[in-house]
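Here is a sequence together with a model predicted from it:
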Amino acid sequence: MKIQKQIEQLEQTINKAQSELEDLKQEASKPKPMFERGDNGEKYYFVECTLDLEDTKERNQSMDDTLYNVSNYFLEKDKHIAERVAQYYKNNNWFIRKAIEFADGYEWKLGEKNCFIYYCKGKYHLSRQLDTKNPTEIYMTEQNALKFKAWLEEYKPLS
């Protein structure tokens, strides 16, 4: 009888351990958030539509969710990153806007002449990518890239 009781206790222990193991496996398989989110009442920063840095407190409201979900949410420890993001936008929004305009809805295609424009050593250059897609580039047809390059050379926004 004593052995039977020990077997039952051991089976219960094993079942509990298996359940805990499954819980841990499920937790480990969940995607990890890309950015840390603050606790309720914690200060965070975001880039305002004027491209200035603003701060507010986490209130678990839809505005907090929206800023977090569009990666415009920086905890105090990441304020220096928020400042750099704001400066990047200030320096490059015009280029991004015009590139999207000239791209005219173009989507990158494997094996195609996926073109983008970049600035190097005081000049604009056209690059073609057949098999590599960089998530930070705005791709367009070669014809539209040449038009964009000509527009940049005429307008000279970085001169």
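In hand now; what should we look at?

hey, where'd the helices end up in this structure?
Ranges of helices within the chain are 2-29, 62-69, 79-103, 142-155, based on DSSP state H.

per-residue confidence averaged over the first one?
Read it as helix 2-29. Taken as a whole, helix 2-29 has an average pLDDT of 88.

just checking, what packs against that helix?
Applying 3 or more CB pairs under 8 Å, 6 or more residues apart in numbering; DSSP states H and E, one finds that helix 2-29 makes contact with no other helix or strand. Heads up, the C-betas are built off the backbone N, CA and C, glycines and all.

go on, the last one?
For helix 142-155, the elements it packs on are helix 79-103, strand 114-120, strand 123-129, judged by 3+ CB pairs under 8 Å, 6+ apart.

Between strand 114-120 and the longest one, find me the angle.
Spelled out, it's helix 79-103. Here helix 79-103 runs at 130 degrees with respect to strand 114-120, directions being taken by axes from the mean of the first three to the mean of the last three CA atoms, to 10 degrees.

Now do helix 79-103: everything it contacts.
45-47, 51-53, 74, 116-117, 138-140, 144-145, 147-148, 151-152, 157 (CB atoms under 8 Å, 6 or more residues apart in numbering).

Near Tyr73, how many other residues are there?
23 (other CB atoms under 10 Å).

Would you check that it makes contact with Pro33?
No. Contact between Tyr73 and Pro33 fails when scored by CB atoms under 8 Å: they sit 10.6 Å apart.

How is this protein divided into domains?
34-97, 104-155 (automatic domain parsing).

Going by mean pLDDT, which of these comes out lowest?
domain 104-155 (a mean of 92).

Spatially central residue in this structure, please.
Ser71 (6.0 Å; CA atoms, centre = their mean).

Identify each buried residue in stretch 15-24, please.
Going by neighbour count (16 or more other CB atoms under 10 Å), nothing in stretch 15-24 comes out as buried.

With only the CA atoms kept, save it in PDB.
Taking Å, rounded to 0.1, in the frame of the first residue of the first chain, the C-alpha atoms of stretch 15-24 are listed here in PDB:
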ATOM      1  CA  ASN A  15       1.900  15.500 -14.200                       C
ATOM      2  CA  LYS A  16       2.400  18.900 -12.500                       C
ATOM      3  CA  ALA A  17       5.900  19.100 -13.900                       C
ATOM      4  CA  GLN A  18       4.700  18.200 -17.400                       C
ATOM      5  CA  SER A  19       2.000  20.900 -17.200                       C
ATOM      6  CA  GLU A  20       4.500  23.500 -16.100                       C
ATOM      7  CA  LEU A  21       6.800  22.400 -18.900                       C
ATOM      8  CA  GLU A  22       4.000  22.900 -21.500                       C
ATOM      9  CA  ASP A  23       3.300  26.300 -20.000                       C
ATOM     10  CA  LEU A  24       6.900  27.300 -20.300                       C
END
